[in-house]
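Trainee: Would you be able to build a 3D model of this:
(2 chains)
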There are 2 protein chains.
Amino acid sequence: VHTDELTLASTDLLVEGIHFDFAYSEPQDVGFKCIAVNVSDIAAMGGRASTALVSLGAPAETSLALWDGVVAGMIEAAGACGVAIAGGDCSVAPVLTINVAVLGRPSTSGIVARSGARPGDLLCVTGALGAAAAGLELLRSAGPDPFLRALLEQFPDLAKSHRRPPLRGAAGQAAAVAGATAMIDISDGLARDACHIAEASRCGVVIRAEKIPLAPGVAEVASALDVDSMRLAAGGGEDYELAIAIPAAAEPALAAAIAPLPLTVVGEFGGSERVLRSADEAVPLDKLGWEHFT
Amino acid sequence: VHTDELTLASTDLLVEGIHFDFAYSEPQDVGFKCIAVNVSDIAAMGGRASTALVSLGAPAETSLALWDGVVAGMIEAAGACGVAIAGGDCSVAPVLTINVAVLGRPSTSGIVARSGARPGDLLCVTGALGAAAAGLELLRSAGPDPFLRALLEQFPDLAKSHRRPPLRGAAGQAAAVAGATAMIDISDGLARDACHIAEASRCGVVIRAEKIPLAPGVAEVASALDVDSMRLAAGGGEDYELAIAIPAAAEPALAAAIAPLPLTVVGEFGGSERVLRSADEAVPLDKLGWEHFT
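Mentor: Have a look, this model is predicted:
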């Protein structure tokens, strides 16, 4: 593993039944996602992932087909990200258990941390939000329901977003070069993750609900399942898009650099509150989002 | 994480009921061991571990006392090894599940791989063997048996060796400096691990059973449990001592460098066999040792 002066590192533990479910994802999707979510952490520091270490735990009776699928998905994601799987560990475990640690290098512009947002910086997001949460809710609820099954067919990208997060390495590096002051990948939901930036940066943040770019189908799923579409898009988590703090003057250049991937201004840092503001209310960000151990 | 040109990395997944059991170890021991076994991998490359990434998974109902104990043990081991715990991940899991990835730097003499042993090199081990296997077997078998419980009290280092592997970082670095041609930490048992070196180095190896240094109490436990003491010492695994291939001319300097830690010549590389030779038989090394998925 050759590196420059500084190494970025990320580690994630993914457990069957908690982070993935073979009822909703193929083994190859699971392998893909395990690599993708760690590379996403490096991307959110503006870095380039180089190397992955993979630990695989599984019941002794696990089929070779399942192993092969998971490993094939890992190799596919690693190839797509330019990451070498350099080694790892195999073990027995009660359910499929995967830990991926990814090493990487920062961009030439240095590391973008969570702690650099300044009052007045814009809060932007790449892509569109809510697809992964809508896809998972739809997969969980559909059963034989013909209307929900039709939605799954009409919006195949929803389930796909849950199964295979987008790879935003290039956008993360572009953000570092363009002068992003803070960045995070949206794994806990925009509300919680923007709150993480604001907390680390010791400032407030206001997200404008009407600005949040909804992925196609999210509104339809929210309506069908009788949930607030904002809850899927701002609280749903697992979109693995990037939330970026950046000075207003630098935003247009970043938008141009990552096009055709959309960059949308959804709020602004500063003030004393951390809220999601809509026409009729302002919800504290820490009341929204998906949390472990709940 | 600052590094020089080359980064060493190791990852290990440890699962409750497979790799550790709270019937035999305190939470603090488990935390200590998870760090120690990964640092041991770096030591076996002649490197210096610098940074650990820790993933912790546990059932939601896990007590804070257990968490605190595990983390305290990790911090204790990290401190003893000069390793910084730089980050990690927490998750829900069906049983306590710990992944540790450790990064490190090679010694100034470069990396000692498994593949460099040459015919004529001696096979040496640090310390004494069999304690961890004897300790675990004794803990498993003792129950209320007064004779076995007396053995546990008479040889407290046996259980301790199972719970808290030795830290051999300094010896590993000394071996690299002294000209070791190959090295491995003994986690699968001397027989299997010497075989790993021989396979990677494409040569034979003969281990002399009578040369293997038995830890105090191993012979007594073997006798009490009616097992072959060689099976504990050469096949038992988890001693986390170092098995080192080194030219005969370089061995005395290494022994002097690591004293008072013993260095014992237990065999020699070369020939066409990979066997454990005793007075009356020669057992193929791949027939001995502890294997995953068996």
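Trainee: Just give the number of residues close to residue A:157.
Mentor: Around residue A:157 there are 15 other residues, counting by other Cβ atoms under 10 Å in any protein chain shown. Using the backbone N, CA and C atoms, a C-beta is placed for each residue, glycine as well.
Trainee: quick one: contacts for it?
Mentor: A:131, A:135, A:215, A:216, A:217 (Cβ atoms under 8 Å, 6 or more residues apart in numbering or on different chains).
Trainee: could you give the mean pLDDT of stretch A:69-77?
Mentor: Stretch A:69-77 shows a mean pLDDT of 97.
Trainee: what does stretch A:86-106 give?
Mentor: For stretch A:86-106, the mean confidence score works out to 93.
Trainee: do it and chain B meet?
Mentor: Yes - using Cβ under 8 Å from any Cβ of the partner chain, we find that stretch A:86-106 touches chain B at A:86-95, A:97, A:99, A:101, A:103.
Trainee: tell me the contacts of the residue nearest to residue A:66 when sequence neighbours are not counted?
Mentor: Once flanking residues are discounted, residue A:66 sits nearest to residue A:27: 4.9 Å by Cβ to Cβ, 6 or more residues apart in numbering or on different chains. Contact analysis of residue A:27 by Cβ under 8 Å, 6+ apart lists A:65, A:66, A:67, A:68, A:69, A:70, A:72, A:73.
Trainee: Which residues are in contact with the residue of the stretch 101-250 of chain A found nearest chain B?
Mentor: Per Cβ to the nearest Cβ, residue A:101 is where the stretch 101-250 of chain A lies closest to chain B, at 3.8 Å. The contact partners of residue A:101, taken as Cβ under 8 Å, 6+ apart, are A:9, A:10, A:11, A:38, A:52, A:53, B:9, B:11, B:53, B:99, B:101.
Trainee: where does it land in three-state SS?
Mentor: strand (DSSP: H, G, I helix; E, B strand; the rest coil).
Trainee: one step back: could the contacts of residue A:27 go into CSV alongside secondary structure and neighbour count?
Mentor: Shown next, in CSV, are the contacts of residue A:27 (DSSP: H, G, I helix; E, B strand; the rest coil; neighbours: other Cβ atoms under 10 Å in any protein chain shown):
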residue, secondary structure, neighbour count
A:65, helix, 9
A:66, helix, 17
A:67, helix, 16
A:68, helix, 13
A:69, helix, 19
A:70, helix, 25
A:72, helix, 15
A:73, helix, 24
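Trainee: Among those, which one lies nearest to residue A:274?
Mentor: For these, the residue nearest residue A:274 by Cβ to Cβ is residue A:73; the value is 36.5 Å.
Trainee: That closest one against residue A:31, yeah?
Mentor: Yes - in this structure, residue A:73 is within contact of residue A:31 by Cβ atoms under 8 Å, at 2.7 Å.
Trainee: circling back to that earlier point, so of the residues of stretch A:86-106 next to chain B, which two are at opposite extremes in space?
Mentor: Between any two of these (Cβ to Cβ), the greatest distance is 28.6 Å, for A:94 and A:103.
Trainee: Looking at these two, which is more packed in?
Mentor: residue A:103 (29 against 19).
Trainee: So in chain A, which strand runs the longest?
Mentor: strand A:48-58 (DSSP state E).
Trainee: And that one, what's buried?
Mentor: A:48, A:49, A:50, A:51, A:52, A:53, A:54, A:55, A:56, A:57, A:58 (16 or more other Cβ atoms under 10 Å in any protein chain shown).
Trainee: Mean confidence (pLDDT) on it, please.
Mentor: For strand A:48-58, the per-residue pLDDT averages 95.
Trainee: That one and chain B, are they touching?
Mentor: Yes - if you take Cβ under 8 Å from any Cβ as the test, strand A:48-58 does meet chain B, through A:51, A:53, A:54, A:55, A:56, A:57.
Trainee: now chain A, which segments are flagged as low pLDDT?
Mentor: Within chain A, the stretches with pLDDT under 70 are A:1-6, A:289-294.
Trainee: so where do the helices sit in it?
Mentor: A:27-43, A:64-81, A:131-142, A:146-154, A:156-163, A:169-178, A:190-201, A:218-225, A:229-235, A:251-258 (DSSP state H).
Trainee: what helices or strands is the second one leaning on?
Mentor: So the one you mean is helix A:64-81. helix A:27-43, strand A:48-58, strand A:84-92 (3 or more Cβ pairs under 8 Å, 6 or more residues apart in numbering or on different chains; DSSP states H and E).
Trainee: re earlier: show the buried residues in the contacts of residue A:157.
Mentor: By 16+ other Cβ under 10 Å, those give A:131, A:135, A:215, A:217 as buried.
Trainee: chain center to stretch A:122-141, what's the gap?
Mentor: 9 Å (Cα atoms, centre = their mean, to the nearest Å).
Trainee: Pull out the buried positions in that stretch.
Mentor: A:122-139.
Trainee: Can you measure across that stretch, start residue to end residue?
Mentor: 36 Å (Cα to Cα, to the nearest Å).
Trainee: can you check stretch A:275-283 too?
Mentor: First-to-last residue span, stretch A:275-283, Cα to Cα: 5 Å.
Trainee: again with stretch A:255-269
Mentor: End-to-end distance (Cα to Cα), stretch A:255-269: 19 Å.
Trainee: Other residues contacting it?
Mentor: With Cβ under 8 Å, 6+ apart, stretch A:255-269 has contacts from A:117-128, A:168, A:170-171, A:174-175, A:177-178, A:190, A:194, A:197-198, A:201, A:203-208, A:211-213, A:244-245, A:251, A:254.
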